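*Asks:* return a 3D structure for these sequence lines:
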Amino acid sequence: MLLRYIGALFLFVCALHATACAKAAVHPAVPMDSLPPSMAAQPGDRHVLAGEWEYEDGAVVRLTLDEQGNGHYDWKDGRFGTHTLIGHTWHGRWFQKANDRDGGFTVELSPDFSEGEGRWWYSRIGADHAPTQKGGTFHLGKKTAIINRSDTPPTP
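*Replies:* Coordinates of the predicted model:
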């Protein structure tokens with residue numbers, strides 16, 4: 001009797017496992033503005049985003065970001081807004097006033113936060129709030145200050 005019970009329990013567990021494995025994981029798109037405040041990076045976490053970055057997507061565009069990862073770029077009067085920086089994953093939104101469009105982005109930053117690979121998409125083009133146009137991928141590289149050797153004090 002005990003063996004039948006154990007056998008039935010084993011079959012039940014196997015069936016549950018097979019069902020769980022057969023279902024594909026579904027990751028619905030979550031609008032960035034719907035993330036709960038608890039998922040936002042703590043103040044100070046985003047300071048690694050501050051400074052000038054080079055955004056490469058065919059052409060190179062310079063981004064200037066503040067301590068919260070928000071800023072601007074010259075192309076189409078663009079703005080960058082950071083929603084979260086959790087670990088090395090950066091999520092945010094972009095806006096281009098001059099061509100009336102906006103969207104979102106995700107970047108996976110390098111361990112030292114000096115560069116990253118990203119993906120962007122449209123959320124709105126003019127009055128169309130469900131555009132079918134695809135976005136793209138990009139590379140970011142943080143600009144570093146170059147110290148003029150003549151400004152370096154002599155060694156003691």
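
*Asks:* what residue ranges in the protein score low on pLDDT?
*Replies:* 1-44, 145-156 (pLDDT under 70).

*Asks:* so which bits of the lengthiest strand in it are buried?
*Replies:* Looking across the chain with DSSP state E, the single longest strand is strand 115-125. Residues of strand 115-125 classed as buried by neighbour count (16 or more other C-beta atoms under 10 Å): 115-116, 118, 120, 122-123, 125. The way it works is simple: take the backbone N, C-alpha and C, and place the C-beta from them, glycine included.

*Asks:* A helix includes residue 134, no?
*Replies:* No: per DSSP: H, G, I helix; E, B strand; the rest coil, residue 134 lies outside any helix segment and is coil.

*Asks:* hmm, residue 125 and it touching each other?
*Replies:* No: at 11.8 Å, residue 134 does not count as touching residue 125 under the criterion of C-beta atoms under 8 Å.

*Asks:* who touches both of the two?
*Replies:* Applying C-beta atoms under 8 Å, 6 or more residues apart in numbering, one finds that no residue jointly contacts residue 134 and residue 125.
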